[in-house]
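K.L.:
Just to be clear, the model below is a prediction. Sequence and coordinates:
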Amino acid sequence: YGEIIKDVDINIDKKEDYKMPQAIIDNLEKIDNALENVTVADPAVGSGAFPLGMLNEIVKARSIIIEYITKDLTEWQKEDFIRDNKRDLYNLKKYAMKKSIFAVDIEPSGVDITKLRLWLSLVVDSDVKTVNTLPNLDYNIMVGNSLIDEYEGIKLFDEELLKDKPKRRIENKSSQIRYEFGKDNDLIGIGIEQEQEILENIQNLQYELFDEKNTKRKIQIKDEIENKEWELIEYKLLKDNKKEEFKKLEKTRSENRKPYFLWKMNFSKIFKEKGGFDIVIGNPPYIGFQNVPNKKYYKNKYFSANGKYDFYVLFIERGIELLKNKGIISFICPSYFYKRNYGKNIRKLILENVNIK
């Protein structure tokens, strides 16, 4: 009810008489900071309804906070504050898209529609002075199979790279060297610190791409990111003596539809800094057991793939894995798993690993 309460409070002089709860009034900056840094993921984005909804909620809440922060200012002081701090709707939305909204879908068309909806949402709140080039969402909304983070049973990303350097040196001395093949097929060592640097370069390039306006530079950045990602995958497979598998995998490089998605590499900054997303939200696919692809693979990989399971239980398990400690998962899905036999394992996983709100 924030917008309604704000409209009432705007005409009240004494803060103690505000209708907005005192706990919110006392912590406006803390709440605003939390909203500024919240991270939200939708692992089966479809047409983008949920990321768009979350974007609007974040922006609406921050806009209401601004009204309280600037309440005692004159109209021109308020305008100056909003302009100087980039707190207009356009900039709030653009910032939230960059820092907060992330999504994946196996269908390229779904990803394209989601990007389009986000762009249109941004244009609605723009004017001639603010809008010039739309942000690049290629590393916020991505194509891939959310449920698979490996290729033919082989892990493609070394999660040790997400650990702090001192801890890695103490706890995992054997991981200090990575390898690549030289011209004469000799192994050449590469330190884990170098891989860490490559990962940080990828993060920086992703951030640069978001705001880049020059088309030529955009293409260059995308190529750099892709090459660096493949470097990390190559080092991982060569270290694991999977040279042939790497050659096989490389053939899929040009395909628009990837048979896997490396959450912890593509969103490495979030996993490194937070350990996962603050919020996982969405409407996972429920298609019936007979329509589930790769049934045997999922049975081997997912604890929740029990009996004649439906696809959505896998997404619940994956969603929990993507959360940071004390993160929140909120899915729309059938209630059949409450009572049916195939829901036995997902019920156990939920009851043992999360608190139900």
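P.N.:
Sure thing, it's come through. All of these numbers come straight from a predicted model, not from anything done at the bench. Residues are numbered from 1 along each chain as shown.
K.L.:
if we look at stretch 309-316, which residues are touching it?
P.N.:
43-44, 146-147, 282, 284-289, 291-292, 298, 302, 304-305, 329, 331, 333-334, 336-337, 342-343, 345-346, 349-350 (Cβ atoms under 8 Å, 6 or more residues apart in numbering). Heads up, the C-betas are built off the backbone N, CA and C, glycines and all.
K.L.:
which residues of the chain fall in strands?
P.N.:
Applying DSSP state E to the chain gives strands spanning 40-42, 101-105, 141-143, 150-151, 154-155, 177-181, 187-191, 277-282, 323-331.
K.L.:
Mean pLDDT, distance to Phe50 and mean neighbour count added to the ones you listed, as CSV?
P.N.:
As requested, those are exported to CSV (pLDDT from 0 to 100; distance: least, Cβ to Cβ, whole Å; neighbours: other Cβ atoms under 10 Å):
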stretch, mean pLDDT, distance to Phe50, mean neighbour count
strand 40-42, 98, 5, 28
strand 101-105, 97, 8, 26
strand 141-143, 95, 12, 21
strand 150-151, 88, 26, 17
strand 154-155, 88, 29, 15
strand 177-181, 47, 38, 16
strand 187-191, 54, 40, 13
strand 277-282, 97, 5, 23
strand 323-331, 96, 9, 15
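K.L.:
export the ones you listed to JSON lines and tack on distance to Asn355?
P.N.:
Shown next, in JSON lines, are those (distance: least, Cβ to Cβ, whole Å):
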{"stretch": "strand 40-42", "distance to Asn355": "19"}
{"stretch": "strand 101-105", "distance to Asn355": "24"}
{"stretch": "strand 141-143", "distance to Asn355": "30"}
{"stretch": "strand 150-151", "distance to Asn355": "30"}
{"stretch": "strand 154-155", "distance to Asn355": "30"}
{"stretch": "strand 177-181", "distance to Asn355": "39"}
{"stretch": "strand 187-191", "distance to Asn355": "41"}
{"stretch": "strand 277-282", "distance to Asn355": "15"}
{"stretch": "strand 323-331", "distance to Asn355": "9"}
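K.L.:
Of all those, which one comes closest to Asn33?
P.N.:
strand 277-282 (12.8 Å; Cβ to Cβ).
K.L.:
Could you list every helix and strand in contact with that closest one?
P.N.:
strand 40-42, helix 49-69, helix 311-322, strand 323-331 (3 or more Cβ pairs under 8 Å, 6 or more residues apart in numbering; DSSP states H and E).
K.L.:
roughly how far is the longest one from the heart of the chain?
P.N.:
Between the centre of helix 49-69 and the centre of its chain there are 18 Å (Cα atoms, centre = their mean, to the nearest Å).
K.L.:
mean confidence for it?
P.N.:
If you average the pLDDT over helix 49-69, you get 96.
K.L.:
what helices or strands is that helix leaning on?
P.N.:
If contacts are counted by 3+ Cβ pairs under 8 Å, 6+ apart, helix 49-69 sits against helix 2-9, helix 28-37, strand 40-42, helix 75-84, helix 89-99, strand 101-105, helix 108-124, strand 277-282.
K.L.:
List the buried residues of it.
P.N.:
The neighbour-count check on helix 49-69 (16 or more other Cβ atoms under 10 Å) flags 50-52, 54-55, 58-59, 61-66, 68-69 as buried.
K.L.:
quick one on the thing from earlier: dump the helices and strands packed on helix 49-69 into a markdown table; add distance to Leu262 as well.
P.N.:
Compiled in a markdown table, these are given as follows (distance: least, Cβ to Cβ, whole Å):
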| stretch | distance to Leu262 |
| --- | --- |
| helix 2-9 | 37 |
| helix 28-37 | 23 |
| strand 40-42 | 14 |
| helix 75-84 | 39 |
| helix 89-99 | 20 |
| strand 101-105 | 10 |
| helix 108-124 | 16 |
| strand 277-282 | 15 |
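K.L.:
Show me which of the buried residues of helix 49-69 is closest to Trp230.
P.N.:
Once Cβ to Cβ is applied, the member of the buried residues of helix 49-69 that ends up nearest Trp230 is Pro51, at 27.5 Å.
K.L.:
Any idea how far the lengthiest helix in the chain is from the middle of the chain?
P.N.:
If you go by DSSP state H, the chain has its longest helix at helix 215-239. Distance of helix 215-239 from the chain centroid (Cα atoms, centre = their mean) equals 19 Å.
K.L.:
now stretch 3-15
P.N.:
With Cα atoms, centre = their mean, you get 35 Å for stretch 3-15.
K.L.:
Span of it from start to end?
P.N.:
Start-to-end span of stretch 3-15 (Cα to Cα, to the nearest Å) is 17 Å.
K.L.:
Not counting that stretch itself, show me its contacts.
P.N.:
With Cβ under 8 Å, 6+ apart as the test, stretch 3-15 has contacts from Tyr18, Lys19, Met20, Ile25, Lys60, Ile64, Glu67, Tyr68, Lys71.
K.L.:
can you do 10 Å?
P.N.:
The contact list for stretch 3-15 (Cβ atoms under 10 Å, 6 or more residues apart in numbering) reads 1, 17-22, 24-26, 60-61, 63-68, 71-72.
K.L.:
Give the buried residues for that stretch.
P.N.:
Buried residues in stretch 3-15 (16+ other Cβ under 10 Å): Lys6, Asp9.
K.L.:
and Ile225, how far is that from Pro135?
P.N.:
16 Å (Cβ to Cβ, to the nearest Å).
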